[in-house]
Each structure stands twice: as C-alpha cells, then as structure tokens.
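**Q** Return atomic coordinates for the entry below.
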Amino acid sequence: TNKIYFSHPDPKLDLFRNNLKIWSTSNLGATWEGHVVVWHKAAGYSALTVMDDGQLGVFHGYPQRP
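**A** Sure, this is the predicted structure:
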C-alpha cells in the first residue's frame, strides 16, 4: 500500500499507557492518520507485522497485577 504503519498508546490524559492505537502515513511521516484503537486497557510496547493474508497483525504487552 506504500504506507508506513505505527502503533503506540494514545491516552486521553497523558498519564497512562493505554488505548493502543494504529496510525498510518503515506507521505513518509509528514502527517499521520489515526485508524483504530486495538486495545483500550493498559498497553506497553507493541510490534506490527504483515500477516500471510495481507492483514496487519499487532503484538503488545500489558502489565498484569500480581
């Protein structure tokens, strides 16, 4: 698609790492378009991959309480 995809938490209050969202750009990062929140709860680091069927896959970690 000639796009670059990026995933990162997008918290409403900038206090927590939650609302893991995926963005894309088609102009080498000059502007970014937000697509979808894939996880609303706490979200740590994430990684994206293109699946065999062409879909975008996301792997992320989140803290667990003891």
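**Q** quick one: low-confidence ranges for this protein?
**A** For the chain, the stretches with pLDDT under 70 are 1, 62-66.
**Q** at 90 what do you get?
**A** 1-2, 8-20, 34-46, 54, 59-66 (pLDDT under 90).
**Q** longest single strand anywhere in it?
**A** Criterion DSSP state E: the longest strand present in the chain is strand 33-42.
**Q** Can you list the buried residues in whatever helix or strand comes next after that one?
**A** Sequence order places strand 46-50 as the next helix or strand after strand 33-42, per DSSP states H and E. Neighbour-count burial for strand 46-50 flags Ser46 (criterion: 16 or more other Cβ atoms under 10 Å). From N, CA and C alone the C-beta is placed, and that goes for glycine too.
**Q** What strands line up against strand 46-50, and which way round?
**A** Paired with strand 46-50 in the same sheet, following DSSP bridges, are strand 56-60 (antiparallel).
**Q** what angle separates the strand it pairs with from strand 33-42?
**A** If you take axes from the mean of the first three to the mean of the last three Cα atoms, to 10 degrees, strand 56-60 sits at 30 degrees to strand 33-42.
**Q** Quick check: Ala42 vs Glu33, distance?
**A** Between Ala42 and Glu33 the distance is 25 Å, computed by Cβ to Cβ, to the nearest Å.
**Q** Run a quick neighbour tally on the nearest residue to His35 once chain neighbours are set aside.
**A** Excluding its sequence neighbours, the residue lying closest to His35 (Cβ to Cβ, 6 or more residues apart in numbering) is Ile22, at 4.9 Å. For Ile22, the neighbour count with other Cβ atoms under 10 Å is 19.
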